[in-house]
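Trainee: A structural model of the following input is requested.
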Amino acid sequence: MADGNRPDKVAFELVAPERVLASELVDMVVCPGADGDFGVLPEHSLLMSLLRPGVIEVYQGSQVTARIFVAGGFAEVNPQGCTVLAEEAMPVAELDAARARQRLQDAKDELGETKEELDRARCEREIAIAEAMLAASGAAAA
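Mentor: Prediction:
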């Protein structure tokens, strides 16, 4: 606590189906919200947001100490912290550009073959995820 009553850290937790990727006190978290990136600082107002495919950045001081790719999900923010429930997540360092390129190509191929609206929407989502993975890994989309 900064002054005994006010928190000086954000309790950040990121949960994916396979594992908990983060559970720590941090200075700030920047999330890829559906309507744009948003930062979470101590005592943030209440917020619920869908997440788009992208990278969550975790800060200690002015330094980014962790970069975590999320394929989507949602974030719940309150004055004490930020909880992210991700559909799929991994540290950016673990992204495999070759796998992301293959995922992108597979989704594009399937999109070209499907006629059903629901299947097309799923393929378009897969394309968006693969493109965001490539961007996060620093690789260019094919």
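
Trainee: Report the beta-bridge partners for the most centrally placed residue in the chain.
Mentor: Computing the C-alpha centroid of the chain and ranking residues by CA atoms, centre = their mean puts Val70 first, at 3.1 Å. Following DSSP bridges, Val70 is listed with bridge partners Gly54, Ala89.

Trainee: residues contacting it?
Mentor: Taking CB atoms under 8 Å, 6 or more residues apart in numbering, we find Val70 in contact with 14, 16, 32, 51, 53-56, 84, 86-89. All C-beta spots, glycine's among them, are computed from the backbone N, C-alpha and C.

Trainee: which one among those gets closest to Glu131?
Mentor: Closest to Glu131 out of these is Pro53 (7.7 Å), distances taken as CB to CB.

Trainee: Can I get the helix ranked longest in the chain in PDB, CA atoms only?
Mentor: For the chain, the longest helix by residue count, based on DSSP state H, is helix 117-137. Taking Å, rounded to 0.1, in the frame of the first residue of the first chain, the C-alpha atoms of helix 117-137 are listed here in PDB:
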ATOM      1  CA  GLU A 117     -21.800 -18.700 -42.500                       C
ATOM      2  CA  LEU A 118     -20.900 -20.100 -39.100                       C
ATOM      3  CA  ASP A 119     -17.900 -22.000 -40.500                       C
ATOM      4  CA  ARG A 120     -16.800 -18.900 -42.400                       C
ATOM      5  CA  ALA A 121     -16.900 -16.800 -39.200                       C
ATOM      6  CA  ARG A 122     -14.800 -19.500 -37.400                       C
ATOM      7  CA  CYS A 123     -12.300 -19.400 -40.300                       C
ATOM      8  CA  GLU A 124     -12.100 -15.600 -40.200                       C
ATOM      9  CA  ARG A 125     -11.500 -15.700 -36.500                       C
ATOM     10  CA  GLU A 126      -8.700 -18.300 -37.000                       C
ATOM     11  CA  ILE A 127      -7.100 -16.000 -39.600                       C
ATOM     12  CA  ALA A 128      -7.200 -13.100 -37.200                       C
ATOM     13  CA  ILE A 129      -5.600 -15.100 -34.500                       C
ATOM     14  CA  ALA A 130      -2.800 -16.400 -36.800                       C
ATOM     15  CA  GLU A 131      -2.100 -12.900 -38.200                       C
ATOM     16  CA  ALA A 132      -1.900 -11.600 -34.600                       C
ATOM     17  CA  MET A 133       0.500 -14.400 -33.700                       C
ATOM     18  CA  LEU A 134       2.700 -13.600 -36.600                       C
ATOM     19  CA  ALA A 135       2.700  -9.900 -35.700                       C
ATOM     20  CA  ALA A 136       3.500 -10.600 -32.100                       C
ATOM     21  CA  SER A 137       6.400 -12.900 -33.100                       C
END
